[in-house]
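*Asks:* Curious how this folds, go ahead:
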Amino acid sequence: MLDQRLRALLTGMPKAELHIHIEGSLEPELIFALAQRNGVQLDYPSVEALRQAYDFSDLQSFLDIYYAGASVLLKEQDFYDMTAAYLARAHADNVRHAEIFFDPQTHTARGLPFETVINGIWRACQDSPISASLIMCFLRHLSEDEAIATLEESLPFRDKFIGVGLDSSEVGHPPEKFARVFERARQLGLHLVAHAGEEGPPSYIDSALDVLNVERIDHGVRCLESPELVERLAREQMALTVCPLSNIKLRVFDVMGTHNLRRLLDAGLAATVNSDDPAYFGGYINQNFLAAFEALPLDETHARQLARNSFAAAFVEPERKRAWLAEVDAFFANA
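*Replies:* Residues are numbered from 1 along each chain as shown. Below you'll find the predicted structure:
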């Protein structure tokens, strides 16, 4: 059990969240409320029945129910309500800044206009109690041509998002599949991130860095299988947006006690803690911190480092970054 002091530090410390899929914050209660509002028939008779279905064997079994949940999102206000609910929870967890992933292809494939999706999410960010930016993700199980079409479709809304990412089924869809679209995004001045090394091998991290030229690796926990890669990630201080509860729920690790978060930090890697798809994986960012620190030999020094890493890796101007880092240092100095 965590002692009260460490628990208070983890929950109270300022932090940034850099790996949150907004569609993955859609709680069963809101799914049912939106289904009722929009006249959508769900395959589950109750909130509890839907929650019980959140028992996944791997990434794909999660994605199947994730896409089904997204079917209730039909109007701009639905996207606003979903995003506002997440931002309120993040604020309660002392998140100062969130960089939010959204998946337009999940919705445009259902016939929704791109603007309905991004305008609802973006408007909630403008009304947010915390700083929030958007990163548009491409679904890697679809073709690169579809990703390119999505990027082109997004251009009228270029002022509403700061970067692009790569998510969905990792195995069999290596980063190099998306080389052209990432190069186009780079030319547009967008930040670049990609999921790599979650279920996929360390070589996917290499190609995300070398082919896609990403600035952050989402997940990246399998990097420890390659000593050369670990040395490079440490040298370059390439941030890894680690999601502990997600990794357990999707069987990347069997139990939290075998998670490699401590080993990543010991190797000098710029690991961060995030919630990924919190409605589906059992908790928002503070619950991820608490679960990891309860199960692993992590202490106050690691907590401070993880908080600092989260701000250091954020895509914000240097003066805001310095202010948040100073806030972290003051919090721990006065704790």
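*Asks:* drop to CA atoms for contacts and neighbour counts, all remaining ones
*Replies:* Noted.
*Asks:* What residues does residue 282 make contact with?
*Replies:* Applying C-alpha atoms under 8 Å, 6 or more residues apart in numbering, one finds that residue 282 lies in contact with residue 245.
*Asks:* change it to 6 Å
*Replies:* The neighbourhood of residue 282, defined by C-alpha atoms under 6 Å, 6 or more residues apart in numbering, contains no residues.
*Asks:* how close does it sit to residue 244?
*Replies:* 10 Å (C-alpha to C-alpha, to the nearest Å).
*Asks:* Check residue 57 too.
*Replies:* Distance, residue 57 to residue 244, using C-alpha to C-alpha: 16 Å.
*Asks:* Likewise for residue 76?
*Replies:* Look at residue 76 and residue 244: by C-alpha to C-alpha, they are 31 Å apart.
*Asks:* In terms of neighbours, single out the busier of those two.
*Replies:* Looking at residue 76 and residue 244 with other C-alpha atoms under 10 Å, you find the greater number of neighbours at residue 244, namely 30 against 18.
*Asks:* With adjacent residues omitted, what lies nearest to the more buried one?
*Replies:* Of all residues beyond its chain neighbours, the one nearest residue 244 is residue 288 (6.0 Å), with distances taken as C-alpha to C-alpha, 6 or more residues apart in numbering.
*Asks:* before we move on, which element is the one you found in?
*Replies:* Applying DSSP states H and E as the criterion places residue 288 in helix 285-295.
*Asks:* Just the CA coordinates for that helix, please, in PDB.
*Replies:* Extracted C-alpha coordinates of helix 285-295, given in PDB (Å, rounded to 0.1, in the frame of the first residue of the first chain):
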ATOM      1  CA  ILE A 285      -4.100   9.800 -15.100                       C
ATOM      2  CA  ASN A 286      -3.900   9.900 -11.300                       C
ATOM      3  CA  GLN A 287      -5.200   6.300 -11.200                       C
ATOM      4  CA  ASN A 288      -2.400   5.300 -13.500                       C
ATOM      5  CA  PHE A 289       0.200   6.900 -11.200                       C
ATOM      6  CA  LEU A 290      -1.300   5.300  -8.100                       C
ATOM      7  CA  ALA A 291      -1.500   1.800  -9.700                       C
ATOM      8  CA  ALA A 292       2.100   2.000 -11.000                       C
ATOM      9  CA  PHE A 293       3.500   3.300  -7.700                       C
ATOM     10  CA  GLU A 294       1.600   0.800  -5.600                       C
ATOM     11  CA  ALA A 295       3.000  -2.200  -7.600                       C
END
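*Asks:* Can you name the next helix or strand after it?
*Replies:* The element immediately downstream of helix 285-295 (helix or strand, assigned by DSSP H and E) is helix 300-312.
*Asks:* okay, the angle between that next one and helix 285-295?
*Replies:* 150 degrees (axes from the mean of the first three to the mean of the last three C-alpha atoms, to 10 degrees).
*Asks:* to the chain's geometric centre, what's the distance from helix 300-312?
*Replies:* 17 Å (C-alpha atoms, centre = their mean, to the nearest Å).
*Asks:* got the buried residues for that helix?
*Replies:* By neighbour count, and taking 16 or more other C-alpha atoms under 10 Å as the criterion, the buried residues in helix 300-312 are 303, 304, 305, 306, 307, 308, 309, 310, 311, 312.
*Asks:* Likewise for stretch 149-163?
*Replies:* In terms of neighbour count (16+ other C-alpha under 10 Å), stretch 149-163 has its buried residues at 150, 151, 154, 160, 161, 162, 163.
*Asks:* can you give me how far the least confident helix or strand in the chain by mean pLDDT is from the chain middle?
*Replies:* When each helix and strand of the chain is scored by mean pLDDT, DSSP states H and E, helix 59-69 comes last, with a mean of 81. Computed by C-alpha atoms, centre = their mean, the separation of helix 59-69 from the middle of its chain amounts to 16 Å.
*Asks:* Then stretch 71-86?
*Replies:* Distance, stretch centre to chain centre, for stretch 71-86: 18 Å (C-alpha atoms, centre = their mean).
*Asks:* Same check on stretch 206-226?
*Replies:* 15 Å.
*Asks:* quick one: contacts of that stretch?
*Replies:* Residues contacting stretch 206-226 (C-alpha under 6 Å, 6+ apart): 175, 179, 182, 192-198, 202, 238-242.
*Asks:* between the residues you listed, which is closest to residue 254?
*Replies:* Of all the contacts of stretch 206-226, residue 198 has the smallest distance to residue 254: 13.6 Å, by C-alpha to C-alpha.
*Asks:* can you count the residues close to that closest one?
*Replies:* Applying other C-alpha under 10 Å, we find 23 other residues in the vicinity of residue 198.
*Asks:* Which residues are in contact with it?
*Replies:* Residue 198 makes contact with 219, 220, 221, according to C-alpha under 6 Å, 6+ apart.
*Asks:* Go again with 8 Å.
*Replies:* When contacts are counted by C-alpha under 8 Å, 6+ apart, residue 198 is found next to 170, 219, 220, 221, 222, 247, 252.
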